[in-house]
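Enquirer: Have a look; sequence and predicted model below, questions after that.
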Amino acid sequence: MTNRRARPSLGVLIFFAVALSLSAYFTFAAVQGDFGLFRRAEIVVEGHELEGELAHLNEEVAHMENLTKRLSDEYLDLDLLDQQARDILGVVRSDEIVVN
């Protein structure tokens, strides 16, 4: 009897090489691809930043709505009107002294 070693055929080697290559590719894509874990983390951080910016803009809108209401016909704040006239139009009363 002769001792023969069983060598794997070339097809099996090619199959495992392709399978290993595909699994490496999909693992890389799942971690660093356009829809991967790193991109998801970036999106979450960007979402938190945008929520902070939205909160800041909502505060600005509330402030501007308050000023608009105070200058409306229903509720006229004379001090605010005087301040705006001075700032925007450069209006000064006759009994005031302007210092530059």
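Expert: Good, I have the coordinates. The structure presented is a predicted model; accordingly, all values stated were derived computationally and were not measured.
Enquirer: hey, where'd the helices end up in the chain?
Expert: Using DSSP state H, the helices found in the chain span residues 10-32, 37-70, 78-84.
Enquirer: so where is this structure shaky, pLDDT-wise?
Expert: 1-4, 6, 8 (pLDDT under 70).
Enquirer: State the distance from Leu80 to Asn58.
Expert: Leu80 is 22 Å from Asn58, where distance means CB to CB, to the nearest Å. Any C-beta I mention is one placed from the backbone N, CA and C, and that applies to glycine too.
Enquirer: how far away is Ala24 from Ala17?
Expert: From Ala24 across to Ala17, the span is 11 Å (CB to CB).
Enquirer: Count the residues that sit near the closest residue to Val91 other than its chain neighbours.
Expert: In space, and not counting its chain neighbours, Val91 is closest to Ala85: 4.5 Å by CB to CB, 6 or more residues apart in numbering. When counting by other CB atoms under 10 Å, one arrives at 12 neighbours for Ala85.
Enquirer: And Gly33, by the same measure?
Expert: Applying other CB under 10 Å, we find 13 residues neighbouring Gly33.
Enquirer: Go ahead and confirm it touches Arg39.
Expert: Yes: contact criterion CB atoms under 8 Å: Gly33 and Arg39 qualify, at 7.1 Å.
Enquirer: quick one: contacts for Leu80?
Expert: Leu67, Arg70, Leu71 (CB atoms under 8 Å, 6 or more residues apart in numbering).
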